[in-house]
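let's see this in three dimensions:
(one chain, ligands or ions: 1)
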Amino acid sequence: MQPVQSPLTAAAQWVRNRRGDRRRVPRRDVANKVLDELLAQVAAGGTEKRVVVMVAHPDDEAIGAGALLRGIPGAVVVHLTDGAPAADEYAQLKGFVSRADYAAARRREVVTALQVMGIPEESVRGLGFVDGELAWNLVAVCHAVMGVIDELKPDVILTHPYEGGHSDHDSVAFAVHMASGILQCEGAAAPVVLELTSYHNYNGRRRVFDFLPLGGEVARTYRLTTELRWLKRRMYSQFTSQQAVLETFPIAVERFRCAPRYLFTVPPHDGQLDYELRCRKISGAQWRDQAESALRALRSRRQFSVGKSA
Ligand SMILES: [Zn+2]
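Numbering: from 1, shown residues only. Sure thing, here's the model as predicted:
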């Protein structure tokens with residue numbers, strides 16, 4: 001299966017007005033230099049870079065960057081959702097009374113897990129969207145992400161790739177790309193966007209710890225020492241409600257790359273997306289319709305309220 005090959009320049013149509021592409025990003029060589037510096041500093045004991053990990057669910061950061069975070073004690077981890085779907089029935093299947101109880105449990109789990117890696121509770125933020133519903137709120141999600149970037153002014157955002165693994169993951173990727181590009185165009189500080197791995201459908205099976213090949217971006221592999229593997233196992237064990245899922249994610253390596261320029265209005269790859277195979281809540285076509293609508297709203301620029309006024 002080949003990913004959809006789109007001319008990178010076509011991505012400029014995402015956010016375009018009379019002045020042309022509204023979504024300028026740092027050059028690839030600059031972004032790769034930042035990634036390599038970050039990994040070298042972490043390997044040498046720690047980095048001073050301001051890093052925000054922006055993910056959909058409380059455990060995505062552990063899977064994709066749990067060990068890396070050990071070397072970034074100043075990182076802020078932001079979860080767009082509280083990890084609890086809207087229906088109480090889902091929480092009850094997990095042994096909780098209500099959605100609110102399940103969300104509170106997921107918060108406790110991720111706070112404890114991140115403490116294993118030296119991240120204090122005050123650096124773990126939840127933006128409170130409902131699990132599974134980010135796609136229906138893309139403009140609000142973009143604004144929430146812009147608010148975090150504007151407040152924290154990170155050098156780096158580490159986030160999901162656009163790969164059809166989970167509709168919420170794709171929604172976070174969309175929001176981070178739009179928010180950082182828009183802020184840059186508004187003259188506000190915009191971060192370098194780097195990616196951690198999540199999962200996607202690849203030739204009919206779920207693939208973890210790798211990226212879809214896209215845009216020529218080369219992934220860097222961070223190999224975990226024995227101590228880091230032990231810590232990451234301890235980290236995983238804090239997620240009591242997610243054990244069945246986490247068991248499927250190995251702990252030997254983590255992979256990172258610079259975010260390619262995506263065209264969010266086309267599928268990330270041919271064939272069925274992972275979330276189309278496993279979840280009946282939203283199809284890829286519906287997600288892309290939402291992205292198209294959000295792009296129209298963002299292009300209008302009437303709703304911007306962060307950074308230099310539009
Ligand atoms: Zn997730």
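
going forward, measure contacts and count neighbours with C-alpha atoms only.
OK.

right, and Pro85 touches Gly128 too?
No: the criterion here is CA atoms under 8 Å, and Pro85 misses it with Gly128 at 11.3 Å.

which one's more surrounded, the two?
Pro85 (19 against 13; other CA atoms under 10 Å).

give me the phi and psi for the more buried one.
Main-chain dihedrals, Pro85, degrees, to the nearest 10: phi -60, psi 160.

can you tell me how far it is from Gly132?
According to CA to CA, to the nearest Å, Pro85 and Gly132 sit 6 Å apart.

now do the contacts for the residue nearest to Arg99 when sequence neighbours are not counted.
Nearest non-adjacent residue to Arg99, counting by CA to CA, 6 or more residues apart in numbering: Asp88, 4.9 Å away. Applying CA atoms under 8 Å, 6 or more residues apart in numbering to Asp88 gives the contacts 97-99.

please apply the same query to Arg233.
Contacts for Arg233 (CA under 8 Å, 6+ apart) come out as Ile251.

give me the element it is part of.
Using DSSP states H and E, the element containing Arg233 is helix 226-237.

okay, now the residue of the stretch 151-300 of the chain found nearest the ion: neighbour count?
The stretch 151-300 of the chain approaches the ion most closely through His169 (6.1 Å), counting by CA to the ion. His169: 27 surrounding residues under other CA under 10 Å.

likewise for Lys33?
12.

before we move on, which element is it in?
Using DSSP H and E, Lys33 sits in helix 28-43.

buried residues, that helix. List them.
The neighbour-count check on helix 28-43 (16 or more other CA atoms under 10 Å) flags 31-32, 34-35, 38-39, 41-43 as buried.

tell me where the chain has helices.
28-43, 60-69, 88-93, 99-116, 138-152, 167-185, 226-237, 243-246, 274-278, 284-300 (DSSP state H).

now those in JSON lines, with mean pLDDT?
Supplementary listing: the helices of the chain in JSON lines, determined by pLDDT from 0 to 100:
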{"stretch": "helix 28-43", "mean pLDDT": "93"}
{"stretch": "helix 60-69", "mean pLDDT": "98"}
{"stretch": "helix 88-93", "mean pLDDT": "93"}
{"stretch": "helix 99-116", "mean pLDDT": "98"}
{"stretch": "helix 138-152", "mean pLDDT": "94"}
{"stretch": "helix 167-185", "mean pLDDT": "92"}
{"stretch": "helix 226-237", "mean pLDDT": "97"}
{"stretch": "helix 243-246", "mean pLDDT": "90"}
{"stretch": "helix 274-278", "mean pLDDT": "92"}
{"stretch": "helix 284-300", "mean pLDDT": "93"}
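
nearest to Val266, of these?
helix 284-300 (7.1 Å; CA to CA).
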